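Peer 1: got a predicted model here, sequence first, then my questions.
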Amino acid sequence: MPLARSDTSPLFGAGATSTLRLVVYLAAGVALMVADYRGHYLARVRQYVAVAVEPVYRIAAMPADAARTVRLAVADRQALTQENQRLREALLLTQARLNRLSAVAEQNTRLKELLDVQHSLGLGVQLAKLIDIVLDPYRQRITLDAGARQGVVVGQAVLDAYGVMGQISEVLPTTSTAILITDTSHAVPVVIERTGLRTIAYGSGSSDRLDVPNIPVSADVKAGDKLLTSGLGGSFPAGFPVGEIRSVAADPSGMFAVAVARPAAALERSGDVLLLRPLADPVGPPALKPETGPPAPSPGELAPPGTGEMSAVSVPASVRPAGSAAAAAPATAPSAARPGGTTPAPASAPPEQRR
């Protein structure tokens, strides 16, 4: 608060008393400084005073320290949040890459299995990829990415690495549709591998079941028997896996047995399939084999100079028509008998007799 002109300071007031008081204070201050510098008499006093005044400094610095702490906390929290977000994104990206690598590894495994099957078949095959699948109880179909432009035709057998899946039922320019063996309208002629019994496996409308009805009660069929294509009907070549018998029971009439089989093909998991190319059937009768026989006689052997006898022309047996052997005897009869009643030999004998 500023002092009015009428007010005077008690320390620096006008007058001799005030001046003398100022001089005394200055002298006392100088003396204390010299004494403290020479003998360090006031060090402990300063320590006590500092201890007493330190809380005041701390209290005065608390707002600034609190503001700094809050600012650092907010900055650290924001940095941690951003770093956490980056780490989460990196983790998701790494997980996606691992999943992709796992999917590629599984695809490579399936393709290797299909390649092994292709090498073991010894037949013409074509690789196709599955692009759509329908597995409802009334329609079991798959769509492939190969069509008429790739040489696909109706009736081609469809396989995967484990067994028969079905056959082509519809062909478009770039895609084709195959009916699965589990479709209710499909049937496969099969043979039981262990016993050789031939029967037919029907689709049940479920992707994990085949029905094998009308099995004779006396037939030796049990769970675990393998079903293979029998080759009958011409749709599927013989020897391909179709399924495995899971259970056998008598039908309601008691005259036949009914078996339930599990398909060998992975109908719900396969992504790549093989299409069997139909083999060309021979057209017309088989080619004739070349005829073999003795060499043809020379002209000299056919017409030797005679002695008044009728010479007979000999025809090789290889070109002689049937029944000509019996007719050869009259043709070689002599015109006159020799003395002694003997019949002269023919002028020329067949090559078989000469040898």
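Peer 2: Thanks, I have the structure now.

Peer 1: just the C-alpha atoms of whatever helix or strand Val24 lives in, please, in CSV.
Peer 2: Counting by DSSP states H and E, the element that carries Val24 is helix 16-39. What follows is helix 16-39 as a C-alpha-only set of coordinates in CSV (Å, rounded to 0.1, in the frame of the first residue of the first chain):
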residue,chain,number,x,y,z
ALA,A,16,19.1,12.5,13.1
THR,A,17,17.5,9.7,15.1
SER,A,18,16.5,7.9,12.0
THR,A,19,19.9,8.3,10.4
LEU,A,20,21.6,7.0,13.5
ARG,A,21,19.3,4.0,13.6
LEU,A,22,20.2,3.2,10.0
VAL,A,23,23.9,3.3,10.7
VAL,A,24,23.5,1.0,13.7
TYR,A,25,21.6,-1.5,11.6
LEU,A,26,24.2,-1.4,8.9
ALA,A,27,27.0,-1.9,11.2
ALA,A,28,25.3,-4.8,13.0
GLY,A,29,24.7,-6.5,9.6
VAL,A,30,28.4,-6.0,8.5
ALA,A,31,29.6,-7.4,11.9
LEU,A,32,27.3,-10.4,11.6
MET,A,33,28.5,-11.2,8.0
VAL,A,34,32.2,-10.9,9.0
ALA,A,35,31.7,-13.0,12.1
ASP,A,36,29.8,-15.6,10.0
TYR,A,37,32.4,-15.6,7.3
ARG,A,38,35.3,-16.0,9.8
GLY,A,39,33.9,-18.3,12.4
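
Peer 1: after it, heading C-terminal, what element do we hit next?
Peer 2: helix 43-121.

Peer 1: helices or strands up against that next one?
Peer 2: strand 125-136, strand 272-276 (3 or more C-beta pairs under 8 Å, 6 or more residues apart in numbering; DSSP states H and E). C-beta coordinates here come from the backbone N, C-alpha and C atoms, glycine included.

Peer 1: average pLDDT for it, rounded please.
Peer 2: Per-residue pLDDT over helix 43-121 has a mean of 78.

Peer 1: go on, stretch 161-178?
Peer 2: 92.

Peer 1: the helix holding Val24 vs helix 43-121, what angle?
Peer 2: With axes from the mean of the first three to the mean of the last three C-alpha atoms, to 10 degrees defining the directions, helix 16-39 sits at 60 degrees from helix 43-121.

Peer 1: tell me the mean pLDDT for helix 16-39?
Peer 2: 82.

Peer 1: coming back round to it: got TSV for the helices and strands packed on helix 43-121, with distance to Phe256 and mean neighbour count too?
Peer 2: Shown next, in TSV, are the helices and strands packed on helix 43-121 (distance: least, C-beta to C-beta, whole Å; neighbours: other C-beta atoms under 10 Å):
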stretch	distance to Phe256	mean neighbour count
strand 125-136	29	15
strand 272-276	32	21
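
Peer 1: can you redo the ones you listed as CSV with distance to Thr182?
Peer 2: Compiled in CSV, the helices and strands packed on helix 43-121 are given as follows (distance: least, C-beta to C-beta, whole Å):
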stretch, distance to Thr182
strand 125-136, 8
strand 272-276, 15
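
Peer 1: out of those strands, nearest to Val154?
Peer 2: strand 272-276 (11.5 Å; C-beta to C-beta).

Peer 1: just the angle between that closest one and helix 43-121, please?
Peer 2: Using the same axes, to 10 degrees: strand 272-276 against helix 43-121 is 10 degrees.

Peer 1: show me what strand 272-276 is packed up against.
Peer 2: Judged by 3+ C-beta pairs under 8 Å, 6+ apart, the packing partners of strand 272-276 are helix 43-121, strand 125-136, strand 139-144, strand 157-159.

Peer 1: repeat the analysis, applying 6 Å as the threshold.
Peer 2: On a contact count with 3 or more C-beta pairs under 6 Å, 6 or more residues apart in numbering; DSSP states H and E, strand 272-276 meets helix 43-121, strand 125-136, strand 157-159.
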